[in-house]
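Undergrad: this one's sequence-less:
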């Protein structure tokens, strides 16, 4: 293992900010120098809607290739972009502390969702958000958009749309929370599984580095995203499916436990299967699997037939 760790990152402002955060953690906790290495992914260069590219994995595979061929030693991903199927030769070495996973609104004139007039244009590239927004019955005109955080907010400023919905975590990491006009309660909008969390991967064969990176781990975040991703995996859904899930570590009668909520929706939001469950933190994966199985019994799989959303070019998946 060389003295300097080569950390692979996508080139967008958000990705490099997230990777820089992990690099600072490595320097502070491991005492190692870090060099950021930019890697272009299909999701960065392909102008097509995410759903037509297969959704999950389009921002991940090139970074994993760079890991396996030795160009980088560590890769940092937005965890919600990570496929649930393990990759041969790669270990999810650490899940650092999570940012607030909720979605937010950035709207003209400081408006909230409920204050937007009927017919207002709201931009999002996420079938999950589209379905849940339809379910709210606000009479908004939903427009498919992609692009990095700055591009999406600029569409509001330029009047192309009246509002956009984004992940709060991305705005927090970029220092742009002052532009948020509403933070959406999970009762209105359940986030994507793993939203707000980061994934730190390295080669499984680099046992010393795997062990060292474990010092970046946040056990509560790992448990929460494990439960959420178990829902995703059991429902056989990808990031292009209208599925939301959120787990929180809460105090139960016998100590800490996980409270897991999930929703699967039809594209138009008219039909949904929404359930919740609690269980031991140590059994996070089993909790997610159990909840998803109950949702399947109620017909969740039949609802999640996401169709592509026509979108603009992408710089980042937020």
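TA: Received it, and whenever you're ready, just let me know what you need. None of the values given here were measured: they were computed from a predicted structure.
Undergrad: for the stretch 151-300 of the chain, give me the ranges with low pLDDT.
TA: 238-240 (pLDDT under 70).
Undergrad: all strands for the stretch 1-150 of the chain, in order.
TA: 4-9, 33-38, 74-78, 90-94, 103-107, 121-123, 141-143 (DSSP state E, counting those that start in this stretch).
Undergrad: using a markdown table, lay out these together with mean neighbour count and distance to residue 263.
TA: All C-beta atoms are positioned from the backbone trio N, CA, C, and that covers glycine. A markdown table is the format used below for the strands of the stretch 1-150 of the chain (neighbours: other CB atoms under 10 Å; distance: least, CB to CB, whole Å):
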| stretch | mean neighbour count | distance to residue 263 |
| --- | --- | --- |
| strand 4-9 | 20 | 32 |
| strand 33-38 | 16 | 36 |
| strand 74-78 | 26 | 21 |
| strand 90-94 | 21 | 25 |
| strand 103-107 | 24 | 13 |
| strand 121-123 | 23 | 19 |
| strand 141-143 | 17 | 18 |
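Undergrad: name the nearest residue to residue 23, ignoring sequence neighbours.
TA: Nearest residue to residue 23 in three dimensions, chain neighbours excluded: residue 34, at 4.0 Å (CB to CB, 6 or more residues apart in numbering).
Undergrad: thought residue 27 was touching that neighbour, still the case?
TA: Yes - counting by CB atoms under 8 Å, residue 34 does reach residue 27; the two are 6.0 Å apart.
Undergrad: what about residue 249, how many neighbours?
TA: Residue 249 is flanked by 17 other residues according to other CB atoms under 10 Å.
Undergrad: that one and residue 224 touch, don't they?
TA: Yes - between residue 249 and residue 224 there is a contact under CB under 8 Å: 6.4 Å.
Undergrad: any figure for the gap between residue 13 and residue 173?
TA: 9 Å (CB to CB, to the nearest Å).
Undergrad: more neighbours: the two, which one.
TA: residue 173 (21 against 16).
Undergrad: surely residue 263 is within a helix?
TA: No - checked against DSSP: H, G, I helix; E, B strand; the rest coil, residue 263 lies outside a helix; its state is strand.
Undergrad: for it, which non-adjacent residue is spatially closest?
TA: The shortest distance from residue 263 to any non-neighbouring residue, by CB to CB, 6+ apart, is to residue 274 (4.3 Å).
Undergrad: and for residue 120?
TA: Closest to residue 120 by CB to CB, 6+ apart is residue 162, at 4.1 Å.
Undergrad: does that neighbour touch residue 106 like I think?
TA: No - look at residue 162 against residue 106 with CB under 8 Å: they stay out of range, at 10.2 Å.
Undergrad: any common contacting residues for the two?
TA: residue 156 (CB atoms under 8 Å, 6 or more residues apart in numbering).
Undergrad: can I assume residue 111 is in contact with residue 180?
TA: No - the pair residue 111 and residue 180 fails to qualify as a contact (CB under 8 Å) at a distance of 11.8 Å.
Undergrad: quickly list what's touching both of these two.
TA: Contacts common to residue 111 and residue 180, judged by CB under 8 Å, 6+ apart, are residue 105.
Undergrad: domain ranges for the protein?
TA: Taking automatic domain parsing as the domain assignment, the ranges for the chain are 4-96+197-218, 103-183, 225-303.
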